[in-house]
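# Make a model of this:
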Amino acid sequence: MHMKNQIFKNRIKCVRKILAEKKFDAAVLADGSNVRYLSGFDGEDSMLIITGKGLYLITDSRYTLQAKKQCPACRIIERKTPMDEAVCVLLGKIGGVKTACIEDKVEVRLFNSLRKKLSVPLKPISNLVESVRQIKDYSEIAALRKAGEIAQRALEKILPLIYSGIRETELAAMLDYELGKSGAAPAFETIVAFGSNSAMPHHRPSSRRLKKIDTILIDLGAKLN
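Predicted coordinates:
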């Protein structure tokens, strides 16, 4: 657990350095992947506020218990009002915030509402967290390797089980099941295509059955941590 917390501290330190260079006192993060990268929280309906000294996760009562378990380094704010109001109230209570930025991925409606209600200037920013995520730390590299191994094992286990008459949907479900057994999830919707369907790179598995002499296209990936 200590090692895991240190990983998050290192990531937050890098983001804070960028904020200081760009002269922002606070950042509002809404992208789920970025929120998880800095806090460990993988639930929904959340925003992460990062300042020079504080880290705050705003969510609702459905995720409070989960957030407390996953984010020991964060102060959990359980909102009872719309998200924009909760963000404004929190930034108003944090001392020393004179300039703030928000990820440019946020919905225009939410951005306009926050900019109108906040008492401090709010500017959109791009690649704040992504620029840090470009360089993978050892925990991410380990997860990538394991995810690749899980995907490979799933495919190797399923290949001998393919038979004439199996449906595309059945084979795709078998692959997804093997990924799940290993603690992973499909990185994208698993593609299984037989015959002429294999000419479509993004074919969605259908009820088409495999013929005795046929083409099989399988495209899968594993997502881990």
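# In contact with the closest residue to Glu168 other than its chain neighbours, which residues?
Leaving out its chain neighbours, the residue that sits closest to Glu168 by C-beta to C-beta, 6 or more residues apart in numbering is Pro205, at 3.9 Å. For the C-beta atoms, the positions are set from N, CA and C on the backbone; glycine is no exception. Contacts here follow C-beta atoms under 8 Å, 6 or more residues apart in numbering; on that basis Pro205 touches Arg167, Glu168, Thr169, Leu171, Ala172, Thr190, Ile191, Val192, Ala193.
# Let's see that with 6 Å instead.
The neighbours of Pro205, taking C-beta atoms under 6 Å, 6 or more residues apart in numbering as the test, are Glu168, Thr169, Ala172, Val192.
# can you count the residues close to the second one?
In this case it means Thr169. 14 (other C-beta atoms under 10 Å).
# Can you name the helix or strand that it falls in?
In this structure, Thr169 sits in helix 168-181 according to DSSP states H and E.
# circling back: in which helix or strand would I find the residue nearest to Glu168?
Secondary structure (DSSP H and E) places Pro205 outside all helices and strands.
# Let's see the helix or strand of the chain with the lowest mean pLDDT as PDB, backbone CA atoms only.
Ranking every helix and strand in the chain by mean pLDDT, DSSP states H and E puts helix 2-21 at the bottom, with a mean of 90. What follows is helix 2-21, C-alpha atoms only, in PDB (Å, rounded to 0.1, in the frame of the first residue of the first chain):
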ATOM      1  CA  HIS A   2       2.900   2.400   0.800                       C
ATOM      2  CA  MET A   3       4.400   1.800  -2.600                       C
ATOM      3  CA  LYS A   4       1.100   2.400  -4.300                       C
ATOM      4  CA  ASN A   5       0.600   5.700  -2.400                       C
ATOM      5  CA  GLN A   6       4.100   6.700  -3.400                       C
ATOM      6  CA  ILE A   7       3.200   6.200  -7.100                       C
ATOM      7  CA  PHE A   8       0.300   8.500  -6.800                       C
ATOM      8  CA  LYS A   9       2.400  11.100  -4.900                       C
ATOM      9  CA  ASN A  10       5.000  11.100  -7.700                       C
ATOM     10  CA  ARG A  11       2.300  11.600 -10.300                       C
ATOM     11  CA  ILE A  12       0.600  14.400  -8.400                       C
ATOM     12  CA  LYS A  13       4.000  16.100  -7.900                       C
ATOM     13  CA  CYS A  14       4.600  16.100 -11.700                       C
ATOM     14  CA  VAL A  15       1.200  17.700 -12.300                       C
ATOM     15  CA  ARG A  16       1.700  20.300  -9.600                       C
ATOM     16  CA  LYS A  17       5.000  21.200 -11.200                       C
ATOM     17  CA  ILE A  18       3.200  21.900 -14.500                       C
ATOM     18  CA  LEU A  19       0.500  24.000 -12.700                       C
ATOM     19  CA  ALA A  20       3.200  26.100 -11.000                       C
ATOM     20  CA  GLU A  21       5.000  26.700 -14.300                       C
END
